[in-house]
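A.B. asks: Sharing a model that was predicted from the sequence below.
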Amino acid sequence: MMSGDFMALEQYGKLKYFEHIPAVPDNGMILTRLGYRKTKTVLDEDYKKKLKANIDMGLMLCNTKGVFSRLSIIKRDDESVELENGAVLKSKSLAKLLQNSMEVVLMAATVGKDIVDRIHDEVENNDAAFGLVLDAVASETADAALDWMVDFINKLIRREGKKLTGMRYSPGYGDLPLTNQKIIFDILDLGRLGLRITERFMLIPEKSVIAIAGVEGVESNG
Amino acid sequence: MDKKDLFQLLKENILILDGATGTELQKRGMPQGVCPEMWAIENPDVIVDTQKEYIQAGSNVVYTCTLGGSRIKLSEFGLGDRTVEINRKQALLSRQAVGENGLVAGDIGPMGQFVRPFGDLPFEDAVNIFKEQVKGLLEGGVDFFVIETMMDIQEARAALIAVKESCDLPVCVSMTYDQGGRTLTGTDPVTALMILQNLGADVVGCNCSTGPGDMIKIIRAMKPYAKVPLLAKPNAGLPKLVNGKTQFDMDVEEFGSYVKEFVEAGVNLLGGCCGTSPLYIEQIRKNISGLKPIAPMPKKICAVASARKTVFVDADEPVVVVGERINPSGKKMLQEELRQGMTSLIKQFAREQVENGASVLDVNVGMPGIDEKKTMLRVVEELSVMTDAPLCLDSSSPEVLEAALRVYPGRALINSISAERVKLEKLLPITAKYGAMFILLPLSDEGVPETSQERYEIVERVYNQAAGFGYTKNDFVVDGLVMTVSADQKAAIETLKVIDWCSNAFGCGTIVGLSNVSFGMPERKWINSAFLAMAIGRGLTMAIMNPSGDTLMNIKMASDVLKIKDKNSKKYIEYFAGQKEQKPAAHQKEETVSTVDRIYGAVVKGDRESVVQYIDIALKEGAEPSHIVDKYLIPAITHVGDLYDKKEYFLPQLIQSAETMKTAFGIIEPLLTKDADGDGKKKVRVVLATVKGDIHDIGKNIVGLMLRNYGFEVYDLGKDVAAGEIISKAKETKASIIGLSALMTTTMLEMKEVVDLAKKEGLDAKIMIGGAVVNAEYAKEIGADGYSEDAYAAVKLAGKLSQI
């Protein structure tokens, strides 16, 4: 075994990749996103069967992956936090969220290209109603993937007596500008997940999400 | 130390392990943020003193200070190239500390990267990384290995294989379970035990994450199934962050008070993890005095496992269904997908079969024109993550099976091993190496024996050879080997005899591939079902079948009741009582519904196919096209709109009806111009676009669809469209309305550009906006004429704006 064989390992540093995230969204959330109201919307048995098959198809088409990284906060004030790699996140509300945190976790998840391509194909050329269901499944699965990662990271850091902040932020929320999407894209090297970012900071494929949470002590009321 | 010695030692004694090392080093001056492994080498007296203290306190074993000693972890400190050296030196230091007074266990911890299929580190890379660490520890002279604090079963497997392929020393594997009783990647203790003990771990256990109380439960859960001794190293209670430092909340006395219960639960090696110190080990020594270990005395277990679930095969439990559908034979679409390297149909089959009652999934990807090994590895990886069902790996190639067994994060079932030379000589040793269960096929190089007696002889022959590899009668199931009754009507009877013999005289489980029995017969399902019932009557424990057929599964469930495999008929009653009588959908009496009413109904129901037929019939019956539009189609879609407004319909239903309307209109519209009383109403023109810089367009496309269905003429410019282009198009088409979509805070500003440009150019058109980031206030702020929150609201707004 030559040490050269391990050169590629340099890339494995602070970034932790999940090749397959087994998150399945709550069915109710998918339906709610489609405008379903439990007490009002009426679906007959045939329709329910078809809807279930459509949702299952959507779940099959998702190739959910993710990545996260833990970075120390080295400087902070009321309006921004600076991370150990020099990146600065400017936002009053984010700084407030992170007030008890000594580190941040940056995370990203994507459901992959296949389902996004299929959604477009169905809506534009074929069965738009099916395309819509796939769209809801994809959006909810991306969110569920983030929930899963938060749960995973919480379990990982509980052994240190730490936990993630109850809330998580995404660029574009509150006063955290969307420009931060690019900062985090670079830190997490999201190209490795097959993602791109446009000039206007949109992630492609679309159903991809970035989030920030703080790492604080288990006793904190965060 | 060899495995026999360790086993002997553990028969008479409970081995006392050590406690936490990291915190002990910190107490003795190790600063935060350094590499513990390196620091300890630079301060050898400290680690030697610490470990001596543990020996003096009562530890029989110290772990080398190499928990973070893999190349990946050491690389975080730039020490990756010194992996072997660091591990060797630590082992030598531990030897110095214990001398003749204890054993040195080479400690291997998590690498800090997740292994495929879960993470992206290739399995073989993981094995090689661990092998490097093992090399150093071996050079340093460790007595045995302990792989600990493993959060993921696949990483644990990689480490275990690395040790086994490097030496013959005993190896312990300890996973870490959270308070929910599972590892981070979802493995429960019994499943981990099943996988690891069959893969060759000499001791299995748990450490870290929980205090003694919760850990005793884990030991207790594992003990009935453990063929090997059990290990536990609990934390000193639960961790809390105090002034930026992690501290634990359980004192030494309380910790010590759990020792007796641990031993009664079945632990054979006991130590402490985070938060413990030599004082805690002293308590273990005090409280363990006089207690005797409980040796492994496992129930007779026949089981397969995925990474997250164990499936037991038991004569007294319901027959285990192995889903057979993942097999390209006779399935053109699946063959095509496999050729293209896709797996969506496979995932669909997996999901459907599990939903229909399969507990295990047979996986066969053997077909010409593809790389079977590459495909099998891909499929195994995907299925390992997406389903909890253990896999039955099915291939005629030992090479394919070997590759799959190496990376499968579970205990697989192998289909199959027979008395054929290549199977006995090549496949059996491989299956044994990875500890898999196998299906024993009673045939040989001479072919399929016709009589049951010949088959018994083959079973005995294969069993004797397998026993040489450590297999017991619980580690395989015999395939009755059913041939088709259409060729030989005695075929089923011979198979039933084999099942009977295995269940009673020989004493092992059995399996059949049902479909074979009826090959060539008409109405195959009756023969398959009858055969299944008969086979279960003779003691069948597993069946390879298609669970999607009601008849077969119902017969299986009924047979489980009759053979008292389904205790108190619980599962049967639950299943069938739970099925409501399917009321047939209320059909209006055929004679009273007119064709045009059916057209209305089809639009409301969103039945695109039927509406075409009904319109055809209605036109043939002499209905006027404009009459159909005005009296049936438009009222139908209006009614759908009402239902949507009331939330009795949700969005997909609205769209489906709209699509049906579109289909209907597609047929009728050309006929309207021929109609002398044709409306000739001029359509309102709408230009639609997603603004510059934004490429979200699904919502906009739905709006376009709806507007068209409601009679608007829509010019959709697509996405990322500059203001200039939108205004040009609006001018060119004399559009009355411009609809803009944006979904990002950065692109919504473009909407103002369009509004301003429209004003500048003196354009009359009304501008409406939509998208998740905008709202009515924003519309007002930028001078747009309105905002709509969804596609239907957009239709209504467009209607309103076009009246102005």
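C.D. replies: Happy to help now that I have it.

A.B. asks: Okay, buried residues for the lengthiest strand in chain A please.
C.D. replies: Identified as the longest strand of chain A according to DSSP state E is strand A:65-77. By 16 or more other Cβ atoms under 10 Å in any protein chain shown, the buried positions in strand A:65-77 come out as A:65-71, A:73, A:76. (Glycine included, C-beta is placed from N, CA and C.)

A.B. asks: Now do the same for it: mean pLDDT, whole number.
C.D. replies: Mean per-residue pLDDT for strand A:65-77: 94.

A.B. asks: Which elements pack onto that strand?
C.D. replies: strand A:15-18, strand A:80-83, strand A:103-110, helix A:128-158 (3 or more Cβ pairs under 8 Å, 6 or more residues apart in numbering or on different chains; DSSP states H and E).

A.B. asks: what pairs with the second one, and is each one parallel or antiparallel?
C.D. replies: Each strand that pairs with strand A:80-83, with its direction, by DSSP bridges: strand A:65-77 (antiparallel), strand A:88-90 (antiparallel).

A.B. asks: same deal with the first one?
C.D. replies: When pairing is defined by DSSP bridges, strand A:15-18 lines up against strand A:65-77 (antiparallel).

A.B. asks: how big is the angle separating the partner strand from strand A:103-110?
C.D. replies: 150 degrees (axes from the mean of the first three to the mean of the last three Cα atoms, to 10 degrees).

A.B. asks: Restricting to C-alpha, output strand A:65-77 in CSV.
C.D. replies: C-alpha atoms of strand A:65-77 as CSV (Å, rounded to 0.1, in the frame of the first residue of the first chain):
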residue,chain,number,x,y,z
LYS,A,65,-28.0,13.1,-1.1
GLY,A,66,-26.6,15.6,1.4
VAL,A,67,-23.5,17.1,3.0
PHE,A,68,-22.7,19.0,6.1
SER,A,69,-19.8,20.6,7.8
ARG,A,70,-19.1,21.9,11.3
LEU,A,71,-17.2,25.2,11.6
SER,A,72,-16.2,27.2,14.7
ILE,A,73,-17.4,30.7,15.1
ILE,A,74,-14.3,32.8,15.7
LYS,A,75,-15.8,36.3,15.9
ARG,A,76,-19.2,37.7,16.4
ASP,A,77,-21.2,40.8,16.9
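
A.B. asks: any idea how far residue B:314 is from residue B:264?
C.D. replies: 27 Å (Cβ to Cβ, to the nearest Å).

A.B. asks: One more: residue B:545?
C.D. replies: 19 Å.

A.B. asks: What is the burial count for residue B:316?
C.D. replies: 9 (other Cβ atoms under 10 Å in any protein chain shown).

A.B. asks: want to try CSV for the buried residues of strand A:65-77, with distance to residue A:213 as columns?
C.D. replies: As requested, the buried residues of strand A:65-77 are exported to CSV (distance: Cβ to Cβ, whole Å):
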residue, distance to residue A:213
A:65, 19
A:66, 13
A:67, 14
A:68, 9
A:69, 12
A:70, 10
A:71, 12
A:73, 12
A:76, 16
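
A.B. asks: picking up where we left off before, who's more crowded, residue B:545 and residue B:314?
C.D. replies: Using other Cβ under 10 Å, the more surrounded residue of residue B:545 and residue B:314 is residue B:545, with 27 against 16.

A.B. asks: surely that one meets residue B:325?
C.D. replies: No: the criterion here is Cβ atoms under 8 Å, and residue B:545 misses it with residue B:325 at 9.5 Å.

A.B. asks: So the nearest residue to residue B:696 once chain neighbours are set aside: helix, strand or coil?
C.D. replies: Closest residue to residue B:696 apart from its sequence neighbours, by Cβ to Cβ, 6 or more residues apart in numbering or on different chains: residue B:743 at 4.0 Å. The three-state assignment at residue B:743 reads coil, by DSSP: H, G, I helix; E, B strand; the rest coil.
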